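>>> predicted structure and sequence below. I'll ask about it afterward.
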Amino acid sequence: MIKTHIIAQFKKCKYLLDRKFDFVKIHALGKAINQALCLALKIEEEMHNSISVNILTGTVEVFYYFNRIWLVKKPKGVFV
């Protein structure tokens, strides 16, 4: 799992809003939701409320599939 530092995310979003795009969509799951909310509000504050923030929350259903072979004999290799 790759974790991007919030300052790097902030700089990237600000760059995109300043130069290229009309909006940026920030998507987060689980523990990252709080960081995404803080990021969105910080960007709004930094841009002196010249942008609007629309926060939507919801739920997703996550399925885990385990193959019987995995339980009997673990495959060789690297899984990322």
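Happy to help now that I have it.
>>> show me where this structure has helices.
Secondary structure of the chain, counting by DSSP state H: helices at 6-19, 32-46, 68-72.
>>> quick check: phi and psi on the residue nearest the centre of the chain?
Nearest to the geometric centre of the chain sits residue 28, at 3.7 Å (Cα atoms, centre = their mean). The phi and psi values for residue 28, taken as degrees, to the nearest 10, are phi -140, psi 150.
>>> how about the contacts made by it?
Contact analysis of residue 28 by Cβ atoms under 8 Å, 6 or more residues apart in numbering lists 35-36. All C-beta atoms are positioned from the backbone trio N, CA, C, and that covers glycine.
>>> again, 10 Å this time
Shown in contact with residue 28 (Cβ atoms under 10 Å, 6 or more residues apart in numbering): 34-37, 39-40, 57.
>>> check residue 43 too.
By Cβ under 10 Å, 6+ apart, the neighbours of residue 43 are 9-10, 13-14, 17, 24, 26, 51, 53.
>>> look up how far residue 48 lies from the residue nearest to the centre of the chain.
Residue 28 sits 24 Å away from residue 48, going by Cβ to Cβ, to the nearest Å.
>>> for residue 61, find the nearest of the helices of the chain.
The closest of the helices of the chain to residue 61 is helix 32-46. By Cβ to Cβ, the value is 16.4 Å.
>>> so for the closest one, mean pLDDT?
What helix 32-46 shows for mean pLDDT is 91.
>>> got the angle for it vs helix 6-19?
Angle between the axes of helix 32-46 and helix 6-19 is 50 degrees (criterion: axes from the mean of the first three to the mean of the last three Cα atoms, to 10 degrees).
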